[in-house]
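Asks: Predicted model follows, preceded by the sequence.
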Amino acid sequence: MWPFTRRHAQPSPESETAKRAAEKSLKEAQARGPDVEARLTESRRVKEQLRAHNRANAYSDFIEGIVLGRLNDSRS
C-alpha cells in the first residue's frame, strides 16, 4: 500500500464566496418563514371563504330557479 497523506488544501475564493452567499440566503429564507406561513394561512382562509360564498350563491340560484319556474307555471 502507498502511504497517502492528506493535504490541507485551502478552499478556493469562489467556493468561500458561494458558501457565504448560500448561508446568507438560508438566513434570509428562515427569517421570512413566519411571514410566508402567515400569508399561506391567510390565503387558505380566503379560499375557504370563497368556496362557502360560491356554495351559497349556487344554492340561492337553485332556489331562485325553482321560484321563477313556479311563477311562470302559475301564469300559464
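Replies: Received, thanks.

Asks: neighbours around Leu26, how many?
Replies: The number of residues packed near Leu26 is 10, by other CB atoms under 10 Å. C-beta: built from backbone N, CA, C; applies to glycine.

Asks: wait, I meant Val46
Replies: For Val46, using other CB under 10 Å, the count is 10.

Asks: quick one: it from His53, how far?
Replies: Computed with CB to CB, to the nearest Å, the distance linking Val46 and His53 is 10 Å.

Asks: Now do the same contact list for Val46.
Replies: If you count contacts by CB atoms under 8 Å, 6 or more residues apart in numbering, Val46 has none.

Asks: Revised request: answer the last question for Pro11.
Replies: Shown in contact with Pro11 (CB under 8 Å, 6+ apart): Lys19.

Asks: Tell me the secondary structure at it.
Replies: Following DSSP: H, G, I helix; E, B strand; the rest coil, Pro11 is assigned to coil.

Asks: can you tell me which helix or strand Arg70 belongs to?
Replies: Per DSSP states H and E: Arg70 is located in helix 13-75.

Asks: Show the average pLDDT along that helix.
Replies: Per-residue pLDDT over helix 13-75 has a mean of 90.

Asks: Renumber starting at 175 from here on
Replies: From this message on, residue numbering opens at 175, which makes the last subject helix 187-249.

Asks: Off-centre distance for it?
Replies: Offset of helix 187-249 from its chain centre (CA atoms, centre = their mean, to the nearest Å): 8 Å.

Asks: how about Ser186, phi and psi?
Replies: Backbone dihedrals for Ser186, given as degrees, to the nearest 10, come out at phi -70, psi 150.

Asks: and it, how many neighbours?
Replies: So Ser186, with other CB under 10 Å, has 9 neighbours.

Asks: Against Ala195, how distant is it?
Replies: Noted for Ser186: a distance of 14 Å to Ala195, by CB to CB.
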